[in-house]
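In: below: sequence and its predicted model.
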Amino acid sequence: MLYSMLTGKIPEESVDRQIEDTLSLPSEIDPTLPKYLDSVVMKALSLKSELRFQNTEQFKEALNGNRAVLMPAEELKKRQKKRSIAFAVIGAVIAVCICVGSVFKVVTDDIDLNHYIKEDSVVEMWVPVSDDTEKSEKQKSIYDEIYKEFARQLTSDEGHKPLDAEINVNITYIPESEYAQAVADAETNNILPDIFRSDLLDVGIKNEISCEQVDWIKQKIIKKDYVLYDDDSPYGLPISVDAATMYINKKYDIDNILSNATSVDSITSKADSIKNGIIPIVANPDCDIFDSDKEEIIAANGVADSSAFELFTGGKAACYIGKISELPKIKESSLSWYALEYPLGVKETYKAAEVWCVSAENHDSTNYAALYALSWLLSEDAQETMYIDNSSYVPLNKNVLDVYVDETHKNDSLNYLKDISL
């Protein structure tokens, strides 16, 4: 048993622990053990079966430090706080009729929203989803959960200022491969939806659309909670970023030589100490690498092209300069032991990932209703649902960003994500 192997002690039987659970944490018995093992071991020994690992792959990932887990008590508290996401498809178009009775939790200024939203409004929102059926169903259920919570917050009695108007938000799901063309056609025919993703559009269409009105959200709604509220994005409001990172195959870094590297050169210079035939470092071509560092990578038999990812996941490269968004594919690969570190050699660490725009150019009631609905995507509840458990993009709500770094990844090397600046 793992507990006995780590501590030299046999844990009490579960029957006895049901009466009084006094099982000590492994690190309390042996302080030299890494703290993350406490959560792994205690989860595996949880008295509640639903809180244990559901399969050996989850257990393996957690043991190798590639899967962050909470202590059973913390996980139970989180589950009680946040309703489970239902993965059933509600339909291509869902209508959420919201009788507005309060101000969102993301509001930081004492503003009277009745001054802006003066009449009932219907807001159309187009959401892109994956072409893969299973992934699209999950994405749809996430947005459904987000706007159910949106409605619950609005109708809860927490002493917030009420709105006299009613807002109807119609969400239409469109396959991502068809999304840009659908928005382009809508723009040509002057029938743009009120809320849509602008980062997926061609540059020509982006330049035809004005997204300056999202500044109202930054100025009135999310000033203190949004990492980038001072950022002047020409194409809308970012709600997340993709970040550069460096993946290290720990199989080739037992002594942490690569993890402690401070430059690309300090990695390539260690090529002789890495297993024979293994490339020291490769890079994703979409990461903007300094020319001098790219030359170092190539000179060390590395690549900075589309083959880099496969070389790394195939175990043929020790380090990979890539993106946080590639983490799900890394997890699906055959790699069993890897780590994330600060990205070396990149010119830009962050790039806006999901950017939303509100199409109405006149500052009327419907326009403000759309802006208000869009702002919910930056609330703690929405960002937790979207990014803590379901996506590898980096959230931009400050509180959720802290959780993303400290709890989801539990890696001090990723603290640089807290200093996001586009």
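Out: Good, I have the coordinates. Residues are numbered from 1 along each chain as shown.
In: which ones are touching the nearest residue to Ala261 once chain neighbours are set aside?
Out: Leaving aside its sequence neighbours, Ala261 sits nearest to Ile267 (CB to CB, 6 or more residues apart in numbering; 4.8 Å). (Each C-beta comes from the backbone N, C-alpha and C, glycine too.) Applying CB atoms under 8 Å, 6 or more residues apart in numbering, one finds that Ile267 lies in contact with 258, 261, 280-281, 318-319, 344.
In: tell me the two of those that are most distant?
Out: The distance between the two most remote of these (CB to CB) is 12.9 Å, for Ala318 and Leu344.
In: show me which of the two is the more surrounded one.
Out: Comparing Ala318 with Leu344 by other CB atoms under 10 Å, the one with more neighbours is Ala318, at 26 against 21.
In: OK, contacts around that one?
Out: Taking CB under 8 Å, 6+ apart, one finds 248-249, 252-253, 258, 267, 274, 278-281 in contact with Ala318.
In: same for the strand ranked longest in the chain, what does it pack against?
Out: Ranked by residue count and defined by DSSP state E, the top strand of the chain is strand 237-249. Applying 3 or more CB pairs under 8 Å, 6 or more residues apart in numbering; DSSP states H and E, we find strand 237-249 packed against strand 317-323, strand 338-341, strand 350-358, strand 394-395.
In: what are the ranges of the strands in the protein?
Out: 93-99, 121-129, 166-175, 195-197, 237-249, 279-283, 317-323, 338-341, 350-358, 394-395.
In: could you tell me the least trusted of those?
Out: Sorting the strands of the chain by mean pLDDT places strand 93-99 lowest, at a mean of 34.
In: farthest pair within the contacts of Ala318?
Out: Maximum distance among these (CB to CB): 13.7 Å, for Asp253 and Ile279.
In: of all the helices and strands packed on strand 237-249, which one is nearest Ile174?
Out: strand 350-358 (14.3 Å).
In: can you tell me how far Tyr416 is from Leu344?
Out: Shown here: Tyr416 relative to Leu344, a distance of 12 Å by CB to CB, to the nearest Å.
In: okay, and the helix or strand of this protein with the least pLDDT?
Out: Scoring the helices and strands of the chain by mean pLDDT, DSSP states H and E places strand 93-99 at the bottom, with a mean of 34.
In: and Ala180, how far from Glu187?
Out: Ala180 sits 11 Å away from Glu187, taking CB to CB as the criterion.
In: so what's in contact with those two at the same time?
Out: Counting by CB under 8 Å, 6+ apart, the residues touching both Ala180 and Glu187 are Ile205.
In: okay, the spatially closest residue to Ser306 that is not a sequence neighbour: pLDDT?
Out: Spatial nearest neighbour of Ser306, excluding adjacent residues (CB to CB, 6+ apart): Pro285 at 6.2 Å. pLDDT, Pro285: 92.
In: swap in Val400?
Out: The confidence metric pLDDT takes the value 88 at Val400.
In: same question for the one 3 residues further on.
Out: Residue-level confidence at Val403 comes out at 84, pLDDT.
In: then the one 4 residues further on?
Out: Note for Glu407: predicted pLDDT of 74.
In: just Glu13 next, same as before
Out: Glu13 is given a pLDDT of 78.
In: what's the neighbour count on it?
Out: So Glu13, with other CB under 10 Å, has 8 neighbours.
In: cool, Val346 as well?
Out: Neighbours around Val346, by other CB under 10 Å: 21.
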